[in-house]
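Undergrad: No letters, just coordinates:
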DNA sequence: ATAGGGTTAG
């Protein structure tokens, strides 16, 4: 009897294990688990490990845990498989407590490289560099920190936690044989994710010269293309597009999306369109990225046409797609179309509006000056937490633009209730007071910010000349070779000509500001030089041949004063300017802008 | 049996 049973188990086990590997649903894993128990083979540690892994693969971590808890003996695989299951199921903290538990258990199992890379990736999910550093230290002590998998996971973890230098330190510490395609790709994506495009481009160049014979794969290429999108460096982006082509990756869906996105963020919607038109079966994400591109360029009608084309082709939109279309409406003044979409998205496409859709709609009404409706919607919308903060901040900006101090105070009140570091909103509030002549109140906002130690991200603009980016900060004409004196002289001349056309502001360095977005340093009164985009434009006018379009990138939203100034200057010097700000593109030509002042 | 990288938004 015993002999029969063990023979059965021996012949049956490999078959059942194979069944487990292929199983993707809980029912079949549980059924196979039952058969293994019946055959008597389930008691072996390795069989149990297979079952744990299978349960985890279909998300049944509770079943995996029950089995794990009942095991008389566990090895490192049992622990690691369960850890990985928790992490994948979105419970990274539970995964990390297993790491602590495994060393405390009697006859404890020491972690191996698999365990550490799993633990590190759990920290990455939490985007917690503090926890990550602790695990890193333990891996270092146990001698696993330079394992290629552990080190690559560490690069990713530091990057996701926003610490690109930490990631780079690990990467630099890796021995050359350990540095493989994945680790290069991870490092590149860290730069892309942290908006360090210049560093990514530099690292990619290093890869091309150093790793002889290794071709870039689609992971690396999409990261580099993304990084180019982030800094708007068309020159490099085109170059990488060439590389994509040479290595035969132009058909990869993810890269195509990255290219569409890159060209649109560099201000070349036509190129985006060309890449998009070559995609045979565009996915939702492809459609979404081209719709978002059209939105950024204020091409609301094109966005709507693309949306209906996609619906006709049977491609199901998702929440982001609808948001993109609404954004396009918002940037083109198609307010009622956008509102209709908000109200019909649930019934037509089965997508319930979430916080971002409400924020977009409120913003859209606000831009159009329909502030009372905007307030009504903002009060009705079921939005909480950080999302609500964004919603009320955008409404506050709209109140400031339309010079409705009464409503601005109400929105400002809601914003301040969150009691968070909302530098942007506070500056807008202060500007609203200044515009209304209430300089005391404006100054009070500033001193309150100073007391609480709130600082705003400094505004900067940059311009690419012969593949070299020149970066400008407000009030500082500093980039090497930027010819500060000449720029200021040119701006003075321009200002004089603008005055003839009725301009009342000031461009020059003696300008006393109405507490602007970028002058975070000084207190009341606020004496600052010039906004960074004006400096970049001045420099561009000096060095770029007349008749060529000047392209300026900016890390914040353009303010209305600079927007007015750019319009006027485009008429005076008879040149075209393209400004990419945080949200969208502005194409200035003959005294007006493509955004028709919707932005 | 357990481990590492890329896509759409603001």
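TA: Right, received. Where do you want to start? Quantities reported herein were computed from a predicted structural model and do not represent experimental measurements.

Undergrad: Contacts for stretch A:93-109 next, please.
TA: A:74-76, A:79, A:82-84, A:86-87, A:110-111, A:115, A:118-119, A:122-123, A:126, A:131, A:135 (Cβ atoms under 8 Å, 6 or more residues apart in numbering). Just so you know, the C-beta spots here come from the backbone N, C-alpha and C atoms, and that holds for glycine as well.

Undergrad: Show me which parts of it are buried, residue by residue.
TA: Residues of stretch A:93-109 classed as buried: A:94, A:95, A:96, A:98, A:99, A:102, A:109 (neighbour count, 16 or more other Cβ atoms under 10 Å).

Undergrad: Then stretch A:427-445?
TA: Counting neighbours by 16+ other Cβ under 10 Å, one finds that the buried residues in stretch A:427-445 are A:427-436, A:441-443, A:445.

Undergrad: Up against DNA strand B, what does the stretch 1-150 of chain A have?
TA: Within reach of DNA strand B by Cβ under 7 Å from any atom of the strand, the stretch 1-150 of chain A has these residues: A:21, A:45-46, A:49-50, A:53, A:75-78, A:80-81, A:84, A:112-115, A:117-118, A:121, A:124, A:147-150.

Undergrad: Can you tell me, leaving aside adjacent residues, what's nearest to the residue positioned nearest the centre of chain A?
TA: Of all residues in chain A, the one closest to the mean position by Cα atoms, centre = their mean is residue A:193, 6.6 Å from it. Excluding the flanking residues, the one nearest residue A:193 by Cβ to Cβ, 6 or more residues apart in numbering is residue A:159, at 5.8 Å.

Undergrad: Pretty sure residue A:237 sits against residue A:263.
TA: Yes - at 7.1 Å, residue A:237 counts as touching residue A:263 under the criterion of Cβ atoms under 8 Å.

Undergrad: re the thing from before, remind me what the helix or strand hosting the residue nearest to residue A:193 packs against, helices and strands.
TA: Secondary structure from DSSP states H and E places residue A:159 in helix A:148-160. With contacts taken as 3 or more Cβ pairs under 8 Å, 6 or more residues apart in numbering; DSSP states H and E, helix A:148-160 sits against helix A:113-126, helix A:129-142, helix A:164-173, helix A:181-193.

Undergrad: Residue A:454: neighbour count?
TA: For residue A:454, the number of neighbouring residues by other Cβ atoms under 10 Å comes to 16.

Undergrad: Strands along chain A, start to end?
TA: Counting by DSSP state E, one finds strands in chain A at the ranges A:460-465, A:468-473, A:550-554, A:577-580, A:585-589, A:592-593.

Undergrad: Just name the most buried of the ones you listed.
TA: Mean neighbours per residue, mean count of other Cβ atoms under 10 Å, is largest over the strands of chain A for strand A:550-554, with a mean of 24.

Undergrad: Any part of it near DNA strand B?
TA: No - figure legend: strand A:550-554 not in contact with DNA strand B (Cβ under 7 Å from any atom of the strand); closest approach 14.5 Å.

Undergrad: Now do that strand against strand A:468-473, angle only.
TA: Using axes from the mean of the first three to the mean of the last three Cα atoms, to 10 degrees, the direction of strand A:550-554 lies 50 degrees away from that of strand A:468-473.

Undergrad: ok, residues contacting strand A:550-554?
TA: By Cβ under 8 Å, 6+ apart, the residues outside strand A:550-554 that reach it are A:231-232, A:234, A:267, A:459-464, A:532-533, A:536-537, A:540-541, A:544, A:575-582.

Undergrad: Ok, stretch A:279-299 next?
TA: With contacts defined as Cβ under 8 Å, 6+ apart, stretch A:279-299 is touched by A:253, A:256-257, A:260-261, A:263-265, A:269, A:272-273, A:276, A:300, A:302-303, A:306-307, A:310, A:315-318, A:320-321, A:324-325, A:327-328, A:330-332, A:583-585, A:587, A:594-596, A:598.

Undergrad: near DNA strand B, from those residues?
TA: Judged by Cβ under 7 Å from any atom of the strand, the overlap between these and the neighbourhood of DNA strand B comprises A:253, A:257, A:261, A:318, A:320, A:321, A:324, A:327, A:583.

Undergrad: Next step: these restricted to helices.
TA: A:253, A:257, A:261, A:320, A:321, A:324, A:327 (DSSP state H).

Undergrad: As a markdown table, the residues you listed with pLDDT would be great.
TA: A markdown table is the format used below for these (pLDDT from 0 to 100):
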| residue | pLDDT |
| --- | --- |
| A:253 | 84 |
| A:257 | 92 |
| A:261 | 91 |
| A:320 | 95 |
| A:321 | 96 |
| A:324 | 96 |
| A:327 | 93 |
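
Undergrad: which of the residues you listed are buried?
TA: Neighbour counting with 16+ other Cβ under 10 Å marks A:257, A:261, A:320, A:321, A:324, A:327 as buried within those.

Undergrad: average model confidence for stretch A:394-411?
TA: Looking at stretch A:394-411 alone, the average pLDDT works out to 86.

Undergrad: buried stuff in that stretch?
TA: Neighbour-count burial for stretch A:394-411, counted by 16+ other Cβ under 10 Å, picks out A:394-401, A:404-405, A:407-411.

Undergrad: where are the low-confidence patches of chain A?
TA: For chain A, residues meeting the criterion pLDDT under 70 lie at A:1-11, A:107, A:419-422, A:424, A:435, A:455-456, A:475-482, A:508-529, A:599.

Undergrad: Mark out where each domain of it begins and ends.
TA: Per the record, chain A has its domains at A:354-455, A:460-593, by automatic domain parsing.

Undergrad: Make TSV out of these and add distance to residue A:210.
TA: What follows is those, written out as TSV (distance: least, Cβ to Cβ, whole Å):
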stretch	distance to residue A:210
domain A:354-455	39
domain A:460-593	21
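
Undergrad: closest to residue A:27 out of those?
TA: In this view, those are compared for proximity to residue A:27 by Cβ to Cβ, and domain A:354-455 is the closest at 32.5 Å.

Undergrad: hmm, back to that, for PyMOL, what selects the buried ones among the residues of the stretch 1-150 of chain A next to DNA strand B?
TA: In PyMOL syntax, the buried subset of those is picked out as below (16+ other Cβ under 10 Å):
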select buried, chain A and resi 49+50+53+77+78+80+81+84+112+113+114+115+117+118+121+124+147+148+149+150
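
Undergrad: about what we covered before: of all the strands of chain A, which one comes closest to residue A:170?
TA: For the strands of chain A, the distance to residue A:170 is smallest for strand A:468-473, at 27.2 Å, taking Cβ to Cβ.

Undergrad: which helices and strands does the closest one pack with?
TA: Short answer (3+ Cβ pairs under 8 Å, 6+ apart): strand A:468-473 packs on strand A:460-465, helix A:532-543.

Undergrad: now these in JSON lines, with distance to DNA strand B?
TA: As requested, the helices and strands packed on strand A:468-473 are exported to JSON lines (distance: least, Cβ to the nearest atom of the strand, whole Å):
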{"stretch": "strand A:460-465", "distance to DNA strand B": "18"}
{"stretch": "helix A:532-543", "distance to DNA strand B": "19"}
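
Undergrad: As JSON lines, those with distance to residue A:26 would be great.
TA: JSON lines is the format used below for the helices and strands packed on strand A:468-473 (distance: least, Cβ to Cβ, whole Å):
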{"stretch": "strand A:460-465", "distance to residue A:26": "52"}
{"stretch": "helix A:532-543", "distance to residue A:26": "56"}
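
Undergrad: Residue A:173 is nearest to which of those?
TA: Between residue A:173 and those, the shortest gap by Cβ to Cβ is with strand A:460-465, which sits at 31.6 Å.

Undergrad: How many neighbouring residues does the residue of the stretch 351-500 of chain A found nearest DNA strand B have?
TA: Nearest to DNA strand B in the stretch 351-500 of chain A, going by Cβ to the nearest atom of the strand, is residue A:356, at a distance of 5.3 Å. Here the neighbour count serves as a burial measure; for residue A:356 (other Cβ under 10 Å) it reads 18.
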